[in-house]
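>>> structure for the following, please:
(one chain, ligands or ions: 1)
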Amino acid sequence: MTTKVSEKITNNLAEVRQQLQILAEQSPQEQSVQLLAVSKKHSLEAIKVAIAAGQMHFGENYVQEAVDKINQLKDQITEPVQWHFIGPVQSNKTKDIAQHFNWVQSVEREKVARRLNEQRPDNLEQLNVLLQVNIDDDDNKSGLEPEQVNALADYVMSCPKLKLRGLMTILKADTTQQQRQQSFERMFALYQQLQQIYGEQIDTLSMGMSADMRQAVREGANMVRIGTAIFGERES
Ligand SMILES: *Cc1c(COP(=O)(O)O)cnc(C)c1O
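Purely as a prediction, here's the structure:
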């Protein structure tokens, strides 16, 4: 990686952090916003640059790619990096996820929750779980219907190796600003409802990506998942 590319990542990170700090002051949650750096399809070198700049939370979508990176990095760094799985979870990949990740943001089925709970190694702390909600009824996308959230939340709460932390959503790609607004508002309402039932352990609402981060935080997100605005375009 050239110096120029690594400087770009460092500068991008500083810029996103600064924006988040300003935005957090306008957020209904009145708290800092956690930045998840989405490193899928980006190199180990790029991740190391971000770690050197103080980034500790990384998101990955593809199990094999992620496990390779996590294993390689383990031998190279001492920082306690937290890995978040944010892609669709296939049942046959739950074991790898349970063994290597700190968070799974894309839980949407009881079967997956059960397997993650059973396969989480005893020597690791609880696996943090967000339930993925399909808030705008996108046919192309996974996620729970809003009215299914409470049942799965109850189930995850009964799993000793899982810790329910909140909700995650990915909005439809082609929506208007107004539709996004409504979807973010509905997510925030669902999140507050979950907090009322389960209390303070529900502390994470993950919504907003590079393109709609500002709007998401204003509507109550306290975790945003940013790839492109930090690492640049991904190769498809
Ligand atoms: C890829 C991805 C992101 C990051 O998207 P950018 O537009 O690059 O910021 C965020 N969340 C999920 C679930 C993703 O798959």
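
>>> tell me the residue of this protein that sits nearest the ligand?
Nearest residue of the chain to the ligand: residue 227, at 2.8 Å (Cβ to the nearest ligand atom). Quick note: C-beta positions are derived from backbone N, CA and C, even for glycine.

>>> wait, that residue touches residue 40, no?
Yes: between residue 227 and residue 40 there is a contact under Cβ atoms under 8 Å: 6.8 Å.

>>> comparing these two, which residue is more hemmed in?
Shown here are residue 227 and residue 40; by other Cβ atoms under 10 Å, residue 227 has more neighbours (21 against 17).

>>> next, residue 41: phi, psi?
The phi and psi values for residue 41, taken as degrees, to the nearest 10, are phi 60, psi 10.

>>> circling back to that earlier point, give me the common contacts of residue 227 and residue 40.
Common neighbours of residue 227 and residue 40, using Cβ atoms under 8 Å, 6 or more residues apart in numbering, are 59, 234.

>>> contacts for the helix ranked longest in the chain next, please.
With secondary structure taken from DSSP state H, the chain has its longest helix at helix 3-26. Under the contact criterion Cβ under 8 Å, 6+ apart, helix 3-26 has outside partners 30-33, 35, 37, 45-46, 49-50, 52-55, 213-214, 217-218, 224, 226, 229-232.

>>> what are the buried residues along it?
Within helix 3-26, the residues scored as buried using 16 or more other Cβ atoms under 10 Å are 6, 8-10, 12-13, 16-17, 19-20, 23-24.

>>> in strands, which of the contacts of helix 3-26 appear?
Among the contacts of helix 3-26, DSSP state E puts 35, 37, 224, 226 in strands.

>>> farthest-separated two in those residues?
Spatially, the most separated pair among the ones in strands among the contacts of helix 3-26 is 37 and 224, at 10.1 Å (Cβ to Cβ).

>>> if we can go back for a sec, quick check, the longest helix of the chain touching the ligand?
No: judged by Cβ under 6 Å from any ligand atom, helix 3-26 and the ligand are separated, with a smallest distance of 9.8 Å.

>>> that older thread, measure the residue of the chain closest to the ligand to residue 6 for me?
Distance from residue 227 to residue 6, counting by Cβ to Cβ, to the nearest Å: 17 Å.
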